[in-house]
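Student: The following block contains a protein sequence and its predicted model.
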Amino acid sequence: MQKNARGYVQDSCSALETAKSSLQNALNTVEQDSNRERIQSSLQSVEVALQQCGQTADILEQV
């Protein structure tokens, strides 16, 4: 059976959760401050995307 939009959005949210977890792990192991800042910036971007993805998933569940 082919996925609908909601299924693809849910997959995207799951991938973003995995990315968030990986970036958090990277923050725990990074040594250089410049790299820490880059990782923190990436993590913040992923968190914003994850919030938006969750909002989209919520809207699609209502339809």
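Tutor: Here it is on my side, so go on.
Student: pLDDT score for residue 48?
Tutor: Note for residue 48: predicted pLDDT of 98.
Student: Tell me the spacing between it and residue 1.
Tutor: Remark: distance between residue 48 and residue 1 (CB to CB, to the nearest Å) = 32 Å. All C-beta spots, glycine's among them, are computed from the backbone N, C-alpha and C.
Student: neighbour-wise, which of these two wins?
Tutor: Set side by side, residue 48 and residue 1 show more neighbours around residue 48, with 11 against 4, by other CB atoms under 10 Å.
Student: State the pLDDT value of residue 1.
Tutor: We have a pLDDT of 72 for residue 1.
Student: now swap in residue 53 and tell me
Tutor: Note on residue 53: pLDDT of 98.
Student: ok, now the one 4 residues further on?
Tutor: Looking at residue 57, its pLDDT reads 96.
Student: number of nearby residues for it?
Tutor: 15.
Student: In which helix or strand does the nearest residue to it once chain neighbours are set aside reside?
Tutor: Once flanking residues are discounted, residue 57 sits nearest to residue 9: 5.0 Å by CB to CB, 6 or more residues apart in numbering. For residue 9, the host element (DSSP states H and E) is helix 5-29.
Student: Mind giving me the packing neighbours of the next helix or strand after that helix?
Tutor: Per DSSP H and E, the first helix or strand lying C-terminal to helix 5-29 is helix 33-62. Using 3 or more CB pairs under 8 Å, 6 or more residues apart in numbering; DSSP states H and E, the elements in contact with helix 33-62 are helix 5-29.
Student: Just the mean pLDDT for the helix it packs on, thanks.
Tutor: 97.
Student: The closest residue to residue 12 other than its chain neighbours and residue 61, how far apart?
Tutor: Distance criterion CB to CB, 6+ apart; nearest residue to residue 12, sequence neighbours excluded, is residue 53 at 5.6 Å. Distance of residue 53 to residue 61, given as CB to CB: 13 Å.
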